[in-house]
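Peer 1: no sequence on hand, only this structure:
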């Protein structure tokens, strides 16, 4: 999407876009520290709580490509701004929920806002970030979920000790709207394509959907988000079920989320130094599997400093997981087919990404309910990481595929 004007400071507008992503991510991560209060106040079951964690991803699971078409037609900045407004409305409305059903509806509205921000953010960064800062900017965008996890869990753990969950919801509604004035002031305006633009957009989206690379990348992303969301989303509950009290479950879970952000930013730094993206994906999956087994298969509570060792395992699990968003989002342009659409590539990847985020908490809750505890969580993490390794070996960015194909064509 071409820009019409470049406001003053447009070169640093990627920082504003990342801030919008963090504000959107906070709407996801305001829920985990509130789950005990929601279950008590609204009589939620554990599976309903898992659905509440994941339903914000439902709009993304269903509407990523639709958002990419909307972004092509009306512009990515307009979509981003609309997403922040929807997040505000959903969170504000959720504060008035009297049962599980209206709260789930409000979370679905937040999901619609979240997908508008999540799909358009990378394209806006690609358009506005200076070339020398692009890899760094994408690394920070890949870290927005970890940053919002840290902030949401820490602040939520402390805030919910002194305020009702409804006030917490209304406060998060205000935060969702805070980046809007800066988005309007700092991010370049959009051009809209009109009827001819609609035809061109549909054609480029069709080429994107028919290409295998975006599907493969999206499935690889889902193999990361499903176990990560399952583990981190329920971590405060896991700690409380283990006997931890006060704000510690939220604080420790927040540090695990922060480790994910550190992993994404560090991965961006490694890529900027020339390390190939594919050299990072498989080792990161292996480490996620290796650390999740001792984190959940063992009973740490009877061992000296057992909680600390379990925390280290989960933190490393989250740290290495941060390599996935940094690498895959950096490859968006290369994953788009010739004549395809980068927003559509991001939309398709986001749909699969959100499918994993939606299924993860519900699957983890179902496993815990069936087996009677959280020790079975490693079954889920290892199955997903093994699948992710197999899929990542088939991941072929366009530039790499072109080199391979040209190498196999005999010279005349």
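Peer 2: Okay, I see it. These figures come from a predicted structure and were not determined experimentally. Residues are numbered from 1 along each chain as shown.

Peer 1: CA only for contacts and neighbour counts going forward, please
Peer 2: Fine.

Peer 1: gap between the closest residue to residue 240 other than its chain neighbours and residue 17?
Peer 2: Using Cα to Cα, 6 or more residues apart in numbering and skipping residues adjacent in sequence, the residue nearest residue 240 is residue 249, 6.4 Å away. As judged by Cα to Cα, to the nearest Å, residue 249 and residue 17 stand 30 Å apart.

Peer 1: so for the two, which sits in the more crowded spot?
Peer 2: residue 17 (28 against 23; other Cα atoms under 10 Å).

Peer 1: correct me, but residue 319 touches residue 262?
Peer 2: Yes: using Cα atoms under 8 Å, residue 319 makes contact with residue 262 at a distance of 6.6 Å.

Peer 1: which of those two has more neighbours?
Peer 2: A direct count of neighbours by other Cα under 10 Å for residue 319 and residue 262 places residue 319 higher, at 24 against 21.

Peer 1: now do the helix or strand containing the more buried one: which elements does it pack against?
Peer 2: In this structure, residue 319 sits in helix 306-321 according to DSSP states H and E. Packing partners of helix 306-321 (3 or more Cα pairs under 8 Å, 6 or more residues apart in numbering; DSSP states H and E): helix 212-241, helix 248-272, helix 278-297.

Peer 1: now do the buried residues in it.
Peer 2: 307, 310, 311, 313, 314, 315, 316, 317, 318, 319, 320, 321 (16 or more other Cα atoms under 10 Å).

Peer 1: what's the average pLDDT for that helix?
Peer 2: For helix 306-321, the mean per-residue pLDDT is 89.

Peer 1: please list the residues outside it that contact it.
Peer 2: Helix 306-321 has contacts (Cα atoms under 8 Å, 6 or more residues apart in numbering) with 224, 228, 252, 255-257, 259-264, 284-285, 287-289, 291-292, 294-296, 300-301.

Peer 1: can you pull out the helices in the stretch 1-150 of the chain?
Peer 2: Remark: helices assigned in the stretch 1-150 of the chain by DSSP state H, counting those that start in this stretch are 13-29, 35-42, 46-54, 58-74, 76-94, 100-128, 134-159.

Peer 1: of these, which is nearest residue 352?
Peer 2: Distance to residue 352, taken as Cα to Cα, is lowest for helix 58-74 among the helices of the stretch 1-150 of the chain, at 6.2 Å.

Peer 1: give me the number of residues near residue 242?
Peer 2: Neighbour count of residue 242, defined by other Cα under 10 Å: 15.

Peer 1: what sits against it?
Peer 2: residue 301.

Peer 1: which stretches of the stretch 151-300 of the chain have low pLDDT?
Peer 2: 191-197 (pLDDT under 70).

Peer 1: mind checking how far the residue nearest to the spatial centre of the chain is from residue 306?
Peer 2: Nearest to the mean C-alpha position of the chain, counting by Cα atoms, centre = their mean, stands residue 145 at 5.3 Å. According to Cα to Cα, residue 145 stands 28 Å off from residue 306.

Peer 1: try residue 207
Peer 2: 52 Å.

Peer 1: ditto for residue 107
Peer 2: Counting by Cα to Cα - residue 107 and residue 306 are separated by 36 Å.

Peer 1: same deal with residue 361?
Peer 2: Distance from residue 361 to residue 306, by Cα to Cα: 24 Å.

Peer 1: show me which of the contacts of helix 306-321 are buried.
Peer 2: In those, the ones that pass as buried (16+ other Cα under 10 Å) are 224, 228, 252, 255-257, 259-264, 284-285, 287-289, 291-292, 294-296, 300.

Peer 1: for stretch 93-101, buried residues please.
Peer 2: 93, 94, 95, 97, 100.

Peer 1: how far does it stretch from start to finish?
Peer 2: End-to-end distance (Cα to Cα), stretch 93-101: 12 Å.

Peer 1: just how off-centre is it within its chain?
Peer 2: 24 Å (Cα atoms, centre = their mean, to the nearest Å).

Peer 1: ok, now stretch 98-110?
Peer 2: 20 Å.

Peer 1: stretch 86-100 too?
Peer 2: Distance of stretch 86-100 from the chain centroid (Cα atoms, centre = their mean) equals 21 Å.

Peer 1: name the surrounding residues that touch it.
Peer 2: Contacts of stretch 86-100 (Cα under 8 Å, 6+ apart): 24, 27, 42-44, 48, 102-103, 106-114, 165-167, 169-170, 172-177.

Peer 1: using ChimeraX, define a selection of the buried residues within those residues.
Peer 2: Selection command for ChimeraX covering only the buried members of those, criterion 16+ other Cα under 10 Å:
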select :24,27,44,48,103,106,107,108,109,110,111,112,113,114,165,166,169,170,172,173,174,175,176,177
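
Peer 1: where does pLDDT dip in the stretch 1-150 of the chain?
Peer 2: 1-11.

Peer 1: ok, now with 50
Peer 2: By pLDDT under 50, the low-scoring segments of the stretch 1-150 of the chain are 1-6, 8.

Peer 1: hang on, the earlier thing: could you dump the helices of the stretch 1-150 of the chain to JSON lines with distance to residue 369?
Peer 2: Below are the helices of the stretch 1-150 of the chain laid out as JSON lines (distance: least, Cα to Cα, whole Å):
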{"stretch": "helix 13-29", "distance to residue 369": "22"}
{"stretch": "helix 35-42", "distance to residue 369": "15"}
{"stretch": "helix 46-54", "distance to residue 369": "8"}
{"stretch": "helix 58-74", "distance to residue 369": "23"}
{"stretch": "helix 76-94", "distance to residue 369": "27"}
{"stretch": "helix 100-128", "distance to residue 369": "19"}
{"stretch": "helix 134-159", "distance to residue 369": "24"}
